[in-house]
Structures are given as structure tokens and as C-alpha cells.
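Undergrad: Output the structure for:
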Amino acid sequence: MRYDTVIIGAGLSGLAAGIRLAYFDRSVCVLERHTTVGGLNSFYRLRDRNHDVGLHAVTNYAAPGTLTGPLSKLLRQLRLRWEDFALVPQTQSSIVFPGCTLRFTNDFEFFEQQVVERFPAEKDNFARLVQRIAEYDPMALDQPEISTREVLAEELNDPLLIEMLLCPTMFYSSATPDDLEWPQFVIMFRSIFHEGFGRPLEGVRLIIKKLVRKFRGLGGELRLRSGVQKIVSDSDHATGVLLDDGQFIEAKNVLSSAGNFETMRMCDQAVDLSPPGEISFVESIYSLDRQPADLGHDQTIVFFNDSATFSYRRPDVPVDVTSGIVCSPNNFHYGEPSGEGRMRITALADPGHWMQLPPDEYTQQKQEWAERVLTSTLRHVPDFRDHIVDTDIFTPRTIRKFTGHENGCVYGAPRKIRDGCTHLRNLFLCGTDQGFLGIIGSMLSGITIANLHLLRPSKSH
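TA: Numbering: from 1, shown residues only. Predicted coordinates:
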């Protein structure tokens with residue numbers, strides 16, 4: 001069968017692109033190598049417990065009925081309802097550096113007050129930065145490359161405030177060591193501080209199930225266990241894809257959410273491979289016999305760093321225990337909490353170390369480094385070790401296995417291709433290496449590229 005578009009990868013960006021195309025009666029097939037969908041933001045069941053992969057919180061939260069903002073745009077483009085995602089807001093989160101803590105909720109004025117109270121000399125500078133962010137259009141696809149560190153140094157005088165603003169925005173989006181592109185910072189600043197965090201009680205599985213149901217309901221085809229071995233081309237034009245089982249699928253267009261390096265490696269003609277990213281993480285997921293709030297922990301997410309300077313890069317040790325993220329998926333406004341508690345701890349990791357370990361040593365070191373990260377984290381949260389009933393740990397090796405991303409790089413390569421174009425006229429990129437990141441951002445990435453390249457000839461609006 002010949003499709004209008006074949007999409008490689010059933011992550012959030014690929015599914016969103018598929019829905020958008022299917023809505024306009026394009027024949028679409030989404031191909032996924034694994035047995036489940038979601039990509040970097042998936043879910044699994046282990047020892048009778050449901051776990052999210054990737055999702056700490058949905059950024060860009062907006063209350064139901066909001067008419068502006070990324071979430072509202074996303075729902076309109078996909079013809080979904082507010083209740084389909086069932087998001088509820090966070091309680092409160094924090095950025096913790098030595099001697100200074102900035103708390104924030106989904107009320108931006110509260111965060112502004114925190115900044116002014118702790119950095120009074122930066123009041124006017126911070127207001128000017130906020131105005132500059134408000135006036136910038138980060139979704140424009142022709143933005144020049146600009147260093148966020150350079151922009152923040154122009155606007156702010158206090159190095160500590162700069163580092164504290166960079167910590168969550170880089171942790172949640174950056175593929176660039178010790179920096180991130182200014183458009184991405186603007187997106188993340190707005191999504192974290194202006195709009196804030198939300199989450200469905202059922203986690204990411206609710207969002208993914210809604211997307212799959214919508215896609216199939218519009219006539220889209222989703223094939224699991226269908227890995228792409230090769231993108232077949234004729235001169236400057238992709239003709240289709242060859243699957244791992246030898247089946248050839250013909251397509252007028254190919255849209256890949258696999259990443260730039262990974263996509264170029266699939267091409268049947270020799271292509272210069274841009275280097276993949278190197279930013280990756282380990283994460284430990286702890287199930288508890290009680291709610292974190294019962295132990296005195298009411299924070300949704302804690303971003304911590306042990307020095308006045310935030311080091312965000314591939315560490316020269318297996319895991320960097322000097323900084324990290326602590327997330328409690330229980331601490332959202334669900335109503336009366338019930339069931340097991342959950343704590344998730346994330347830290348930067350060296351992909352090379354984890355990729356080359358033999359199986360027995362790999363298992364041993366996972367446990368060892370999880371303990372080290374947990375010990376480091378307990379300076380910032382109550383000691384919950386006596387209440388742990390189950391633990392699961394993943395590393396860069398796990399991420400590469402289930403996503404195909406080289407080095408287990410969660411945010412792709414440092415160089416983003418914002419218009420999604422490649423060396424082939426009808427092969428396009430969406431997802432991490434297009435540049436719109438986060439739960440909402442990744443879906444908007446798929447929608448944007450579908451609108452720009454795959455719907456334009458006959459799009460009605």
C-alpha cells in the first residue's frame with residue numbers, strides 16, 4: 001500500500017502529526033519498533049505497578065477553557081477537549097542552591113515575588129528580562145542561534161540568579177552543555193514559570209491513549225513491532241521505507257521523529273552525520289507505603305544544585321550526584337490522595353560508562369549509583385528510605401534501548417533543525433531535533449511540521 005505519509009516513531013510528536021494529517025484525510029501510517037507507544041514519554045507495568053517514563057509533569061499548564069497559550073493551541077489543532085488530558089495543577093516546586101531557594105507555583109506573580117525578595121537589587125533587571133521574554137516569538141522557525149547565557153548576562157547582574165534560572169530550564173530541555181538556545185529558554189521559562197506544571201492522575205498513559213484513539217478514529221494506521229531498517233530514496237526524493245522484516249512501504253512523504261543523527265543513519269544514500277547529543281540521565285523510581293506529604297514533603301518538583309554554579313554537561317563520572325531533580329507525582333491537586341506514594345530522582349549521567357558495562361556489573365552499578373544519588377538527595381527531601389516498597393532504575397542504556405536515541409540522549413542533538421527539512425525534498429524531522437521540547441512542545445512540533453510541509457498544498461486554513 002502507498003501512503004501519503006509514513007511517520008517513523010510513535011512518540012508524542014509522531015502521533016500528533018499523524019492526527020493532524022489524518023484529520024485532513026491524508027493516508028497515514030505510524031511505524032513503531034517497540035511493542036508500545038510513547039517514545040521518550042511512555043509507560044510500563046512492572047511488579048503490578050504502573051510507571052511513567054519521562055513525564056515528571058506536563059508544562060504549559062492552563063486552566064480549562066483558556067483561549068490562549070500552547071496547550072489551548074494544541075487542543076484546537078488536534079480537535080481534543082480539555083477533559084481529554086484531565087490535567088490538574090501542581091502544589092508547589094522549588095529551585096534549591098546553597099543558601100538560596102526560589103519557590104514557584106502556577107501563579108507567576110508568586111515567583112516574581114520570590115525573585116525580588118531574594119534578589120532585591122535585580123528587581124528592575126528581572127522585570128526587563130520578563131518583558132524581553134514576553135516580546136520574543138520563540139516559535140518562529142528562522143531564529144538565529146543565540147546563547148541564553150549571553151542574553152541573561154546582558155539583562156541580569158547577579159550570577160546566582162542566572163544559574164538558578166538556567167537550572168530547571170536546562171534540566172527540562174537542553175541538549176547543549178552548560179547552555180541552551182535563547183528560543184528554547186523562552187519556551188521553557190514561559191512553560192515552567194508563566195504557565196506551570198500539571199499532570200493527569202493516571203499519568204502519561206492517559207494522554208497517549210487519547211492520542212492513539214483519536215488517530216485510529218480518524219483512519220490512521222499504527223503498526224507496532226515495525227522498526228525501520230532503511231529510508232529508501234531516488235536521487236533527492238524518499239520513495240518509502242524498508243522495515244526490519246524486509247517489507248517495503250511506499251510513501252509520498254516520510255516524517256521522522258527518531259532524531260537527526262538516527263534518521264540520517266537510516267538513509268540508503270551516504271549522508272554526513274551530524275554528531276548526536278551527549279546529555280543523558282539516570283532515574284530511580286521509588287514506590288512508598290505512604291504519601292510523600294505524610295512524610296512532610298509537599299513539593300511537586302525540586303531542582304537542586306550543590307554549588308553557586310550549575311554544571312550541566314556529560315559528567316566525567318558515571319553519575320553527577322551534585323545536582324538533580326526530585327519529583328513527586330503525588331503532589332498535584334488531585335483531591336484526597338490515596339494509594340502508594342511515589343518519588344522519582346533524576347541525575348546527569350555519562351552515557352559511555354553505562355553503554356559498555358557487562359550485564360552483571362551493569363546491574364550492580366545501577367544499584368550502587370542509585371544509592372549515591374539518593375543519599376545526596378536526602379539533604380533536600382525528608383528521609384523516605386524506611387517506606388520504600390519497590391524500586392526501578394533506568395540509565396542511558398535503557399533510554400537507547402527503548403527509544404533508539406544514540407547515547408540515550410533525551411533531548412537529541414545540540415543543533416536543532418527548526419524547519420524540519422533534510423537533504424531529501426520529502427523527508428522531514430519532528431520531535432527532539434526539530435526543537436520544540438516538553439510534553440506539549442513535542443506534540444506542537446509534530447503539528448507544526450505537518451502544517452508547514454505536509455498539508456500546505458491543500459490546507460483549508
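
Undergrad: only C-alpha atoms for contact and neighbour calcs from this point on.
TA: OK.

Undergrad: What values do phi and psi take at the residue lying closest to L437 once chain neighbours are set aside?
TA: Ranked by C-alpha to C-alpha, 6 or more residues apart in numbering and with sequence neighbours excluded, the top spatial neighbour of L437 is S173, at 6.1 Å. The phi/psi pair for S173 (degrees, to the nearest 10) reads phi -160, psi -20.

Undergrad: need the contact list for Q299.
TA: 91-94, 327-328, 331 (C-alpha atoms under 8 Å, 6 or more residues apart in numbering).

Undergrad: try 6 Å
TA: 92-93 (C-alpha atoms under 6 Å, 6 or more residues apart in numbering).

Undergrad: Identify each buried residue in the worst-scoring helix or strand of the chain on mean pLDDT, please.
TA: Sorting the helices and strands of the chain by mean pLDDT, DSSP states H and E puts strand 43-46 at the bottom, at a mean of 77. Buried residues in strand 43-46, counted by 16 or more other C-alpha atoms under 10 Å: F43.

Undergrad: List the strands paired with that strand, with their directions.
TA: strand 49-52 (antiparallel) (DSSP bridges).

Undergrad: can I get the CA coordinates of the least confident helix or strand of the chain in CSV?
TA: Listed next in CSV are the C-alpha coordinates belonging to strand 43-46 (Å, rounded to 0.1, in the frame of the first residue of the first chain):
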residue,chain,number,x,y,z
PHE,A,43,4.7,4.0,30.4
TYR,A,44,5.1,0.4,31.5
ARG,A,45,3.9,-2.0,34.2
LEU,A,46,6.3,-3.8,36.5
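
Undergrad: Can you tell me how far the residue nearest to L437 is from Y44?
TA: 23 Å (C-alpha to C-alpha, to the nearest Å).

Undergrad: Quick check: beta-bridge partners of the nearest residue to R45 once chain neighbours are set aside?
TA: Closest residue in space to R45, ignoring its immediate chain neighbours: H51 at 6.1 Å, by C-alpha to C-alpha, 6+ apart. Judged by DSSP bridges, the bridge partners of H51 are Y44.

Undergrad: Any idea how far the helix ranked longest in the chain is from the middle of the chain?
TA: Criterion DSSP state H: the longest helix present in the chain is helix 359-377. Distance of helix 359-377 from the chain centroid (C-alpha atoms, centre = their mean, to the nearest Å) equals 24 Å.

Undergrad: Give the next helix or strand downstream of that helix.
TA: Using DSSP states H and E, the helix or strand that follows helix 359-377 in sequence is strand 388-394.

Undergrad: For that next one, list the C-alpha coordinates in PDB.
TA: Only the C-alpha atoms of strand 388-394 are listed here, as PDB (Å, rounded to 0.1, in the frame of the first residue of the first chain):
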ATOM      1  CA  ILE A 388      10.300   2.200  50.100                       C
ATOM      2  CA  VAL A 389       8.400  -0.900  48.900                       C
ATOM      3  CA  ASP A 390       9.700  -1.100  45.400                       C
ATOM      4  CA  THR A 391      12.400   0.500  43.200                       C
ATOM      5  CA  ASP A 392      13.100   0.600  39.500                       C
ATOM      6  CA  ILE A 393      16.100   2.300  37.900                       C
ATOM      7  CA  PHE A 394      16.900   3.300  34.300                       C
END
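
Undergrad: you'd agree the residue nearest to R45 is up against E202?
TA: No. Using C-alpha atoms under 6 Å, H51 is not in contact with E202; the gap is 9.8 Å.

Undergrad: related to what we said a few turns ago, can you list contacts of the longest helix of the chain?
TA: V321.

Undergrad: before we move on, back to that, looking at H51 and E202, which has the bigger crowd around it?
TA: H51 (20 against 14; other C-alpha atoms under 10 Å).

Undergrad: Which pLDDT does the model give the more buried one?
TA: For H51, the model assigns a pLDDT of 78.

Undergrad: Repeat that for F402.
TA: 86.

Undergrad: Let me know the helix or strand that it is in.
TA: Residue-wise, F402 maps onto helix 396-403 under DSSP H and E.

Undergrad: What is the end-to-end distance of stretch 400-412?
TA: Terminal residues of stretch 400-412 are spaced 11 Å apart (C-alpha to C-alpha).

Undergrad: For L31, which residues are in contact?
TA: With C-alpha under 6 Å, 6+ apart, L31 has these contacts: 8-9, 223, 226.

Undergrad: then stretch 429-436 to PDB, C-alphas only?
TA: Coordinates of the C-alpha atoms in stretch 429-436 are reproduced here as PDB (Å, rounded to 0.1, in the frame of the first residue of the first chain):
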ATOM      1  CA  LEU A 429      12.100  15.800  11.000                       C
ATOM      2  CA  CYS A 430       9.800  16.400  14.000                       C
ATOM      3  CA  GLY A 431      10.300  15.900  17.800                       C
ATOM      4  CA  THR A 432      13.500  16.400  19.700                       C
ATOM      5  CA  ASP A 433      15.800  17.500  16.900                       C
ATOM      6  CA  GLN A 434      13.200  19.900  15.400                       C
ATOM      7  CA  GLY A 435      13.500  21.800  18.700                       C
ATOM      8  CA  PHE A 436      10.100  22.100  20.400                       C
END
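
Undergrad: Against P70, how distant is V186?
TA: 13 Å.

Undergrad: between those two, what contacts are shared?
TA: Joint contacts of V186 and P70 (C-alpha under 6 Å, 6+ apart) do not exist.

Undergrad: tell me the domain ranges of the chain?
TA: 2-85+203-276+411-458, 91-195, 278-403 (automatic domain parsing).

Undergrad: any idea where the helices of the stretch 201-350 of the chain begin and end?
TA: For the stretch 201-350 of the chain, the helices defined by DSSP state H, counting those that start in this stretch occupy 204-217, 260-266.

Undergrad: This completes my enquiry, with thanks.
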